[in-house]
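K.L.:
Give me coordinates for this.
(chains A, B and C)
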Amino acid sequence: MNTPNTLTLGDLSKYLTEQGLANELRGDAGCVITGCNTLDDACDGDITFLNNPKYREKIATTKASAILMQADESLQLEIPQIICAEPYQALTISIEKIYGHRRHPKWGVHELASVAASAKVGANPNIAPSAVVSDDAVVGDNVTLYPGAFVGPGAILGDDVTLYANVTVYDGCTLGNRVTLHSGTVIGQDGLGYAPSGEKWMKIPQIGNVAVEDDVEMGANCAIDRATMGTTRIGHGSKLSDLIAIGHGCDIGPDCMIVAQAGLAGTVTVGRHVIIAGQAGVVGHISIGDNAKVYAQSGVGSSVKAGESVLGTPCTELRNARRQMIAMQKLPAMRIRFREMESELAELRNAVKELTAEAAVSRDGVMRDAVLGDGSP
Amino acid sequence: MNTPNTLTLGDLSKYLTEQGLANELRGDAGCVITGCNTLDDACDGDITFLNNPKYREKIATTKASAILMQADESLQLEIPQIICAEPYQALTISIEKIYGHRRHPKWGVHELASVAASAKVGANPNIAPSAVVSDDAVVGDNVTLYPGAFVGPGAILGDDVTLYANVTVYDGCTLGNRVTLHSGTVIGQDGLGYAPSGEKWMKIPQIGNVAVEDDVEMGANCAIDRATMGTTRIGHGSKLSDLIAIGHGCDIGPDCMIVAQAGLAGTVTVGRHVIIAGQAGVVGHISIGDNAKVYAQSGVGSSVKAGESVLGTPCTELRNARRQMIAMQKLPAMRIRFREMESELAELRNAVKELTAEAAVSRDGVMRDAVLGDGSP
Amino acid sequence: MNTPNTLTLGDLSKYLTEQGLANELRGDAGCVITGCNTLDDACDGDITFLNNPKYREKIATTKASAILMQADESLQLEIPQIICAEPYQALTISIEKIYGHRRHPKWGVHELASVAASAKVGANPNIAPSAVVSDDAVVGDNVTLYPGAFVGPGAILGDDVTLYANVTVYDGCTLGNRVTLHSGTVIGQDGLGYAPSGEKWMKIPQIGNVAVEDDVEMGANCAIDRATMGTTRIGHGSKLSDLIAIGHGCDIGPDCMIVAQAGLAGTVTVGRHVIIAGQAGVVGHISIGDNAKVYAQSGVGSSVKAGESVLGTPCTELRNARRQMIAMQKLPAMRIRFREMESELAELRNAVKELTAEAAVSRDGVMRDAVLGDGSP
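P.N.:
I've put the predicted structure just below:
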């Protein structure tokens, strides 16, 4: 939501080339670009983009001043175009160029912030009113803590960390460099660690922690349990969406993407670059291999191999799962046909019985005929 | 939890009539009503209600002093009654009359609140300790911000807005008049907006916002992503429950109801008065038509037509889905019967084979007989 | 976490015995124990444990100094062992002995905390900066309120309650003794209480509350709706994980365990010691009997009997559900076989038709023969 930087389409094309993105400008290079927007919402001065061919016909009606797209010689376009192989990547670079990343309010260390005397805070702190840094916490350089962000005792934050409003980091947890946590996300609360004693649940002190590695970003209202012992780890570069639950002792590899409302029970090991889609659930004590994909709403009940895609509850390999789903959809019709087959089978059974009986009679007849015939005069 | 207003049953009956709700008082009009409660929990002075006939037998044991219900001549009741066609609506009006809506604490602008110099705040502000209003934010008249509520830079709040404790509204988002957000709900965090680059995820600045229209109410700990570009919209009068995830760029129409833990991926278009039940999930880039209903835990994988009801994962039209579910329940029995049919079919096949063979022999015999017979002396 | 207490293996063995846990020490009683950790993460000085035989082979590679385990005479172990029947319980007691439970920061009543003049606060208050206690609230002895914890007007907290950062307790709700709520959890927001009026939703004032009984612990970012009228109850000793939604008017018995992301709609009655696994959903107005178990991701559409285990959507008794799931997995193969059976059946039908026709011809022949035969000279 920063004030955008203005530039011409020619400048933008040149900038994309400098960033390693080959492109071709078609139309007015002097066209002034003041913003980016979707085909639907763009207005005069905006550059828009076409990535998904599903929205191709919207080019005719968009009010944008220019468009990022792949070459499409079938279209006669008046709108100036930057033609490139990967319009979405071009868009990403354009947005960064025109808007930059969010610029935070500047609080310094606000007088209504609370930083414990024993905490160590790095250079350029930006700590909002009602943010709290506890005893023995260590906070790196250029860290921004929004209002209500809480850094627990002994927690360690790297450089360039951003905690948005009302984020909680419990005691002893660690965040790497450039970690970004959106509002309401909680790192390091106690998980469901109880020893059953009859019908009662005895609390086990949860003496582990959470380590969130470099370049992790999480959405709003996630909940990452601390390990009972040892560490719950979120690997570097992994991206989590909103309302995600990660159980105690999980070990998630680098560059994973986990979509909203997915949940992992305790002690799940996830490899590198795994994608877990929305509302999927994973049982405890299993592993998911590198580059695996878990589709939305799936229930993962056993380990998933590297590279495998799984779907369904309980989940199975993608093509199998789709076959099951199609079969499921045909099931009511199959059930009706099944009942018909039962009747047909019953009829056939009767017909065959009769035929068999008849054949027996006939065989008897033939035999009798034969006998009689033999002995006939 | 306000102190209730006391009135007689006669007064209440009259008040309901004034509000357009025809009713008939049976029993003591002077009976004093001091509260409302359920059949189970009501005690002396309370008026209770019967809406769901399932709970009909509880009338005999309730300790309430009066009841709102439909006429039921089969019952011999001693308890004074207000008979009306819609007891639940009568209850709503009664509760409003007796208790009113929540009366908030009065903080004015508390000395531990933090309001930026460049923010504009309307008449009668009610801003709690540790609530924060950021630079360039605009806050309407009669707005209540509970402790820990955060209004980001440039955010705009209409009149009569209530943000309960620890609500976050990100920079540039807008809330209409009479919007109510319950604790922990987050409006406008960045969604999962990354461009893949090999196994890495390149952050795309999320330059859009969220617009929450007039009269929207949301429960606790919801998470509404800002649009990548343009606006994520929650239409006027829509009501959301708790722990709901709305992806970037969704456009939700007016008067929808979304139940707890439902989730919508990005760029979903939802019509007017759509009901999405608990834990349902909707994939991105589809639309759900006006007055459609998505049943609980459904997985919506493709667009839903106006007026349609869908259920299941992947979801299908309600009656189909129920047929599938019933068929599913019968499937194990069907499978056993299926195996029996296979045996029966094998037996039949053998029987038919034998019969065919026999028939061939017999045909040969007949033919031979015929030949022999013909040429017999 | 806390600085651990050092003790010898002999001392630990003795302590376990004192706590009622029979055990046998094998190996060096003088071995010094300075911590507890998992087989994987343990290092010199740590005691580890083996509970799940799945991890048995890790004993060979662990760097722990000692282990808690059941007797296993098949293993030749050099590592000192404490042999006992219940290693997990031994671990719980060991962790408590060595680490104790979390020691909170000491704030007293911090100068940036906000306690209303009309609130009553018990002995030894520990109230952090930006925590807020509202008018007429009652707070017991030894209560810890972390930063951003909000206690609403008239709310009542028992003794030894801990509210972690950014927890919200709405007006009029009550928490028993020793209740622990983790960050972001919300108690008592208004639920989805609306009376439909055409396409509009009329807000019903939610005049009930929530009662959380003694010894309840909840994870992060849960959302417990207040009752419309009466009370939403969470029974004593029950343990909830993260991101759980409990609808208005639910009545949950004692000693239940509810796992992350499970959700209950309104007015669900849950018995004692019920386990509801992750991401399960329960419709409104039903009951779940004592000691029942609801498996992960299940959809509970009707009441569950005491002691019953249910699974699936819609859920059914566990063995049935598993049979359905297996049948489901076999369904695509069954469908292929089903089509083959249809062809086979068609073939058989034709074969039988022919046989029947032939038999008729043959019968005619026989009859003709018979007739002719009869009248033959």
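
K.L.:
Domain-wise, how is chain A divided?
P.N.:
A:7-99, A:114-319 (automatic domain parsing).

K.L.:
which residue sits closest to the residue nearest the centre of chain A, ignoring its sequence neighbours?
P.N.:
Most central in chain A under C-alpha atoms, centre = their mean is residue A:259, positioned 2.6 Å from the mean C-alpha point. Among residues not flanking residue A:259 along the chain, residue A:278 sits closest, at 4.1 Å (C-beta to C-beta, 6 or more residues apart in numbering or on different chains). Using the backbone N, CA and C atoms, a C-beta is placed for each residue, glycine as well.

K.L.:
So that neighbour: helix, strand or coil?
P.N.:
Recorded secondary structure, residue A:278: coil (DSSP: H, G, I helix; E, B strand; the rest coil).

K.L.:
pLDDT at it, what is it?
P.N.:
With respect to pLDDT, residue A:278 has a value of 98.

K.L.:
can you pull the contacts of it?
P.N.:
A:241, A:259, A:260, A:261, A:262, A:296, A:297, B:245, B:263, B:265, B:281 (C-beta atoms under 8 Å, 6 or more residues apart in numbering or on different chains).

K.L.:
again with residue A:125
P.N.:
Taking C-beta under 8 Å, 6+ apart, one finds A:108, A:109, A:139, A:143 in contact with residue A:125.

K.L.:
Confirm that residue A:96 sits in a strand.
P.N.:
No. Assessed with three-state DSSP, residue A:96 is helix; it does not lie in a strand.

K.L.:
give the contact list for the nearest residue to it once chain neighbours are set aside.
P.N.:
In space, and not counting its chain neighbours, residue A:96 is closest to residue B:205: 5.9 Å by C-beta to C-beta, 6+ apart. By C-beta under 8 Å, 6+ apart, residue B:205 lies in contact with A:95, A:96, A:99, A:100, A:101, A:102.

K.L.:
Among the contacts of residue A:125, which pair sits farthest apart?
P.N.:
A:108 and A:139 (13.7 Å; C-beta to C-beta).

K.L.:
between these two, which one's more packed in?
P.N.:
Remark: of residue A:108 and residue A:139, residue A:139 carries more neighbours, 24 against 11, as counted by other C-beta atoms under 10 Å in any protein chain shown.

K.L.:
Helices of chain A, start to end?
P.N.:
A:9-18, A:87-99, A:318-374 (DSSP state H).

K.L.:
which secondary structure elements does the longest one contact?
P.N.:
With contacts taken as 3 or more C-beta pairs under 8 Å, 6 or more residues apart in numbering or on different chains; DSSP states H and E, helix A:318-374 sits against strand A:309-311, helix B:318-374, helix C:318-374.

K.L.:
Nearest to residue C:70 among the ones you listed would be which one?
P.N.:
Nearest of the helices and strands packed on helix A:318-374 to residue C:70, taken as C-beta to C-beta: helix C:318-374 at 27.6 Å.

K.L.:
What average pLDDT does the closest one get?
P.N.:
83.

K.L.:
So what's the gap between it and the chain middle?
P.N.:
Mean-position distance between helix C:318-374 and its chain equals 51 Å (C-alpha atoms, centre = their mean, to the nearest Å).

K.L.:
cool, and stretch A:96-116?
P.N.:
With C-alpha atoms, centre = their mean, you get 28 Å for stretch A:96-116.

K.L.:
Mind listing what's buried along it?
P.N.:
A:96-99, A:101-102, A:104-105, A:107, A:110, A:112-116 (16 or more other C-beta atoms under 10 Å in any protein chain shown).

K.L.:
What about the residue lying closest to residue A:58 once chain neighbours are set aside, how many residues nearby?
P.N.:
Leaving aside its sequence neighbours, residue A:58 sits nearest to residue A:39 (C-beta to C-beta, 6+ apart; 4.1 Å). For residue A:39, the neighbour count with other C-beta under 10 Å is 21.

K.L.:
One more: the one 4 residues further on?
P.N.:
Other residues within reach of residue A:43, judged by other C-beta under 10 Å, total 13.

K.L.:
Correct me if wrong: it contacts residue A:37.
P.N.:
Yes. Residue A:43 is within contact range of residue A:37, at 7.2 Å (criterion: C-beta atoms under 8 Å).

K.L.:
Overlap in contacts, the two.
P.N.:
residue A:64.

K.L.:
what sits against the residue nearest to residue A:58?
P.N.:
Contacts of residue A:39 (C-beta under 8 Å, 6+ apart): A:48, A:49, A:50, A:55, A:58, A:59, A:61, A:62, A:64.

K.L.:
quick one: which of those is nearest residue B:169?
P.N.:
residue A:48 (27.5 Å).

K.L.:
need the contact list for the residue lying closest to residue A:90 once chain neighbours are set aside.
P.N.:
Residue nearest to residue A:90 in three dimensions, not counting chain neighbours: residue A:68, with 4.6 Å by C-beta to C-beta, 6+ apart. By C-beta under 8 Å, 6+ apart, the contact list for residue A:68 reads A:47, A:48, A:49, A:50, A:81, A:82, A:84, A:87, A:90, A:91, A:94.

K.L.:
now those residues as TSV including distance to residue B:157 and pLDDT?
P.N.:
TSV is the format used below for the contacts of residue A:68 (distance: C-beta to C-beta, whole Å; pLDDT from 0 to 100):
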residue	distance to residue B:157	pLDDT
A:47	31	96
A:48	30	96
A:49	32	95
A:50	36	94
A:81	40	96
A:82	39	97
A:84	41	96
A:87	36	92
A:90	36	93
A:91	31	93
A:94	31	95
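
K.L.:
got JSON lines for the residues you listed, with neighbour count too?
P.N.:
Listed next are the contacts of residue A:68 as JSON lines, based on neighbours: other C-beta atoms under 10 Å in any protein chain shown:
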{"residue": "A:47", "neighbour count": "28"}
{"residue": "A:48", "neighbour count": "28"}
{"residue": "A:49", "neighbour count": "26"}
{"residue": "A:50", "neighbour count": "22"}
{"residue": "A:81", "neighbour count": "25"}
{"residue": "A:82", "neighbour count": "24"}
{"residue": "A:84", "neighbour count": "22"}
{"residue": "A:87", "neighbour count": "23"}
{"residue": "A:90", "neighbour count": "25"}
{"residue": "A:91", "neighbour count": "22"}
{"residue": "A:94", "neighbour count": "26"}
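
K.L.:
Distance to residue B:186 for the residues you listed - can I get that in CSV?
P.N.:
As requested, the contacts of residue A:68 are arranged in CSV below (distance: C-beta to C-beta, whole Å):
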residue, distance to residue B:186
A:47, 30
A:48, 28
A:49, 28
A:50, 31
A:81, 38
A:82, 35
A:84, 35
A:87, 31
A:90, 30
A:91, 26
A:94, 28
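
K.L.:
of all those, which comes closest to residue C:171?
P.N.:
residue A:91 (47.2 Å).

K.L.:
The closest one and chain B, how far apart?
P.N.:
7 Å (C-beta to the nearest C-beta, to the nearest Å).

K.L.:
If you drop the residues flanking it in sequence, what lies closest to that residue?
P.N.:
Nearest to residue A:91 is residue A:49, by C-beta to C-beta, 6+ apart, at 4.5 Å.

K.L.:
Surely that neighbour and residue A:89 touch.
P.N.:
No. In this structure residue A:49 lies outside contact range of residue A:89 using C-beta under 8 Å: 10.1 Å.

K.L.:
where does the stretch 1-150 of chain A dip in pLDDT?
P.N.:
Applying pLDDT under 70 to the stretch 1-150 of chain A flags residues A:1-2.
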